[in-house]
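Visitor: A predicted structure for the sequence below; I have some questions about it.
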Amino acid sequence: MTEQKMTIAKALTAGMRAAMEADPKVLLMGEDVGKLGGVFRITEGLQKDFGEDRVVDTPLAEAGILGTAVGLALRGYRPVVEIQFDGFVYPAFDQIVSQVAKMHNRSLGKLRVPLVIRIPYGGGIGAVEHHSESNEAYFAHTAGLRVVTCSTPEDAYWMMQQAIASDDPVIFYEPKRRYHERGFIEMAEEAPYDLHEAVVRAPGHDVTVLTYGPMTKVALAAAQASAQDGGPSMEVVDLRSLSPLDVDTIVASVNKTGRCMVANEAQTFVGMSAELAALVQQECFYNLEAPVLRIGGYNIPYPPSRHEEQFLPDLDRILHGVDTLMAH
């Protein structure tokens with residue numbers, strides 16, 4: 001067993017490389033993923049090592065990319081498709097919802113679509129609206145899709161391999177503003193967690209914070225700040241999987257603390273935070289000391305980059321939310 005330190009970006013690359021080395025049916029597709037290595041360089045060097053037949057530069061046509069990937073998956077391949085930015089997925093929405101998600105059910109279980117759709121998502125990089133969105137609720141709502149997101153290099157490395165090995169289609173959200181953050185990875189023979197297992201990143205006993213992806217770091221910083229100031233003890237639960245949810249871990253944490261906050265970048269209206277709040281209210285009602293609180297983006301289109309700091313939840317908003325919960 002060896003330990004390596006790398007960024008989330010490089011961990012994703014290493015995860016795809018390991019999957020391609022293990023299975024010749026794994027191939028990558030997307031706009032500029034080959035010679036350029038992707039706009040974020042996540043696939044850098046893979047075309048050189050595995051060839052143009054397995055790392056394919058596609059036309060700028062998301063519907064065509066996904067349609068081709070569905071056909072390849074039905075023929076026994078395991079395509080990994082890159083959507084260049086979160087907001088670019090909409091031209092392929094019909095393919096994903098009408099074909100990718102439904103093929104297994106439509107064929108009465110006879111056909112599988114082992115397909116991974118990589119989507120860099122979220123704000124914080126000073127970009128425009130279609131480069132900064134958090135649209136995970138669309139796909140978590142869609143039956144037939146698995147939806148996951150990493151927040152650490154270790155998760156990026158292992159979850160990518162687990163997603164590629166899945167016989168079901170997986171939407172793999174990558175927190176783009178965290179690409180260059182570093183951490184250690186244990187290069188063990190097996191992944192430390194199941195693909196759909198939530199992880200308690202910081203134990204606590206006063207408030208549960210349910211979060212995922214780019215907001216995990218913010219929640220952990222808030223928990224540390226609260227502890228240093230002698231404030232409430234915050235338990236940070238990194239969901240990792242948005243569909244299916246690890247209900248057992250969520251319920252166990254909230255039943256212990258009696259208070260729950262959901263923190264994510266997406267707008268709170270009809271989003272993941274609403275589903276999580278409903279779940280907690282339903283399963284933990286008699287142990288709740290306060291209403292479930294949601295901290296997220298505002299119900300407006302993503303703002304110009306000069307205003308995104310006011311739009312995105314930050315440490316202060318989380319700590320204020322904790323104080324609100326403790327006041328009940």
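Guide: Good, I have the coordinates. Numbers count the residues shown, from 1 in each chain.
Visitor: span of stretch 22-33 from start to end?
Guide: Across stretch 22-33, the terminal residues are separated by 20 Å (Cα to Cα, to the nearest Å).
Visitor: ditto for stretch 45-54
Guide: First-to-last residue span, stretch 45-54, Cα to Cα: 12 Å.
Visitor: kindly report the same for stretch 89-104.
Guide: 22 Å.
Visitor: would you mind listing the buried residues in it?
Guide: 89-90, 92-93, 95-97, 99-104 (16 or more other Cβ atoms under 10 Å). For every residue, glycine as well, the C-beta is placed using N, CA and C.
Visitor: for stretch 260-276, same thing?
Guide: 260-268, 271-276.
Visitor: which one of these is nearest residue 128?
Guide: Ranked by distance to residue 128 (Cβ to Cβ), these are led by residue 265 at 15.8 Å.
Visitor: quick one: the closest one is in a helix?
Guide: No: counting by DSSP: H, G, I helix; E, B strand; the rest coil, residue 265 is not part of a helix but strand.
Visitor: which residues are in contact with it?
Guide: Going by Cβ atoms under 8 Å, 6 or more residues apart in numbering, residue 265 touches 122, 123, 134, 213, 214, 215, 296, 297, 312, 313.
Visitor: change it to 7 Å
Guide: 122, 123, 134, 214, 215, 296, 297, 312, 313 (Cβ atoms under 7 Å, 6 or more residues apart in numbering).
Visitor: and the pLDDT for it?
Guide: pLDDT for residue 265: 97.
Visitor: what about the nearest residue to it once chain neighbours are set aside, how many neighbours?
Guide: With sequence-adjacent residues excluded and distances taken as Cβ to Cβ, 6 or more residues apart in numbering, residue 265 is closest to residue 134, at 4.6 Å. Neighbourhood size, residue 134 [other Cβ atoms under 10 Å]: 25.
Visitor: mind telling me what element residue 134 is part of?
Guide: Under DSSP states H and E, no helix or strand contains residue 134.
Visitor: before we move on, what about the one 4 residues further on?
Guide: For residue 138, the element it lies in under DSSP H and E is helix 136-140.
Visitor: quick one on the thing from earlier: doesn't residue 124 make contact with the residue nearest to residue 265?
Guide: No: taking contacts as Cβ atoms under 7 Å, residue 134 lies outside contact range of residue 124: 10.7 Å.
Visitor: the buried residues of stretch 89-104: which two are farthest apart?
Guide: Within those, 90 and 104 form the most distant pair, 23.3 Å apart (Cβ to Cβ).
Visitor: and the residue nearest to the spatial centre of the chain, what is it in contact with?
Guide: When Cα atoms, centre = their mean is applied to the chain, the residue found nearest the centroid is residue 149 (1.7 Å). By Cβ under 7 Å, 6+ apart, residue 149 lies in contact with 173, 175, 212, 213, 240, 242.
Visitor: a markdown table please, covering the residues you listed and showing neighbour count and secondary structure.
Guide: Formatted as a markdown table, the contacts of residue 149 follow (neighbours: other Cβ atoms under 10 Å; DSSP: H, G, I helix; E, B strand; the rest coil):
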| residue | neighbour count | secondary structure |
| --- | --- | --- |
| 173 | 25 | strand |
| 175 | 25 | strand |
| 212 | 27 | coil |
| 213 | 27 | coil |
| 240 | 26 | coil |
| 242 | 25 | strand |
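Visitor: mind putting these into TSV with distance to residue 256 and pLDDT?
Guide: Listed next are the contacts of residue 149 as TSV, based on distance: Cβ to Cβ, whole Å; pLDDT from 0 to 100:
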residue	distance to residue 256	pLDDT
173	28	98
175	27	98
212	20	98
213	24	98
240	19	98
242	22	98
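Visitor: which of the residues you listed sits closest to residue 307?
Guide: Taking Cβ to Cβ as the measure, residue 307 lies nearest residue 175 of these, at 20.3 Å.
Visitor: chain neighbours aside, what residue packs nearest to the closest one?
Guide: Here the residue nearest residue 175, using Cβ to Cβ, 6+ apart, is residue 214, at 3.7 Å.
Visitor: much appreciated, bye for now.
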